[in-house]
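>>> coords please:
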Amino acid sequence: MENNNCIIIGAGTYGQVYAEYLKDHYNIIGFYDDNISLKNTSINGVMVLGKVEDAYLLDTSTAVFIPIGNNPVRVKLLKSFKERGFPIPSFIHDKTIIHSSVKIGEAVYILPGTTVMSLSTISDFCMISVNSTISHHTILKSGVFVSFGANVGASITLEDFAYLGIGSTIMTGVNTVGASSLIGAGAVVIKDVPKGATMVGNPARVLPSKF
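Sure, this is the predicted structure:
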């Protein structure tokens, strides 16, 4: 793949991880981050050049990657850069196993060791970390985040902005993981997840919003 100029929005730990993967494929101009104390500092050899709004002044041929774990923020920023004419490519590591029948949207980020089985759909702006498994006929809707080591069973729909914690499991037989829900680390989900719910434990239960 030819080297192309790109920037990374967000100089936190996830942005730093993606910089390491992207540098094999792109010429990384720098990070942009709203933490003004980072400006003009170098993080693992990549400079922090300014705030996010400063990046809008760049040549619109510059590719933009936004590997931020906050789902609504990531999606909002990706849409903003797209509206301004910037390319927002996907990054899918070559050490993934993704069947040719899988449908993948734009600005999808998938890290090594992940398997996506046949006839699944990964919609726009999703992030899937290392060593995760997405089973067949499963749909990840817009802005879903899957942490490393998570497992999603067959024929399940993860609604917009759902967030799966480290090592969590959504068992086959579950139909829906609700929009903006949060599945805790190591949780084992055996029933549908309501919209906006936080679920923890094995088997997972809804965590009360008030204690």
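>>> contacts and neighbour counts: CA atoms only from here.
OK.
>>> Show me how far the longest helix anywhere in the chain is from its chain's centre.
Counting residues, the longest helix found in the chain (DSSP state H) is helix 71-83. Helix 71-83 sits 12 Å away from the centroid of its parent chain (CA atoms, centre = their mean, to the nearest Å).
>>> Show me which residues of it are buried.
For helix 71-83, the neighbour count (16 or more other CA atoms under 10 Å) marks 71-72, 74-75, 77-79, 81 as buried.
>>> likewise stretch 101-117?
In stretch 101-117, counting by 16+ other CA under 10 Å, buried: 102, 104-117.
>>> so which of the buried residues of helix 71-83 comes closest to residue 161?
residue 71 (5.5 Å; CA to CA).
>>> Quick check, central residue of this protein?
With distances taken as CA atoms, centre = their mean, the chain has residue 127 as the residue nearest its mean C-alpha position (1.8 Å).
>>> pLDDT score for the residue lying closest to residue 191 once chain neighbours are set aside?
Nearest residue to residue 191 in three dimensions, chain neighbours excluded: residue 174, at 5.1 Å (CA to CA, 6 or more residues apart in numbering). In this model, residue 174 is scored at 98, pLDDT.
>>> domain parsing for the chain?
4-89, 90-204 (automatic domain parsing).
>>> Can you say which of the ones you listed is packed in most?
Stretch with highest mean neighbour count among those: domain 90-204 (a mean of 21; mean count of other CA atoms under 10 Å).
>>> how about residue 190, what does it touch?
By CA atoms under 8 Å, 6 or more residues apart in numbering, residue 190 lies in contact with 170-174, 203-204.
>>> swap the cut-off to 6 Å and go again
For residue 190, the contact set (CA atoms under 6 Å, 6 or more residues apart in numbering) comprises residue 171.
>>> Over to residue 138?
120, 154-157.
>>> Go again with 8 Å.
Contacts for residue 138 (CA under 8 Å, 6+ apart) come out as 119-121, 152-157.
>>> Okay, and residue 17 sits in which element?
helix 13-22 (DSSP states H and E).
>>> Run through the neighbouring helices and strands of that helix.
strand 4-9 (3 or more CA pairs under 8 Å, 6 or more residues apart in numbering; DSSP states H and E).
>>> Averaged pLDDT, the strand it packs on. What do you get?
On average, strand 4-9 scores 96.
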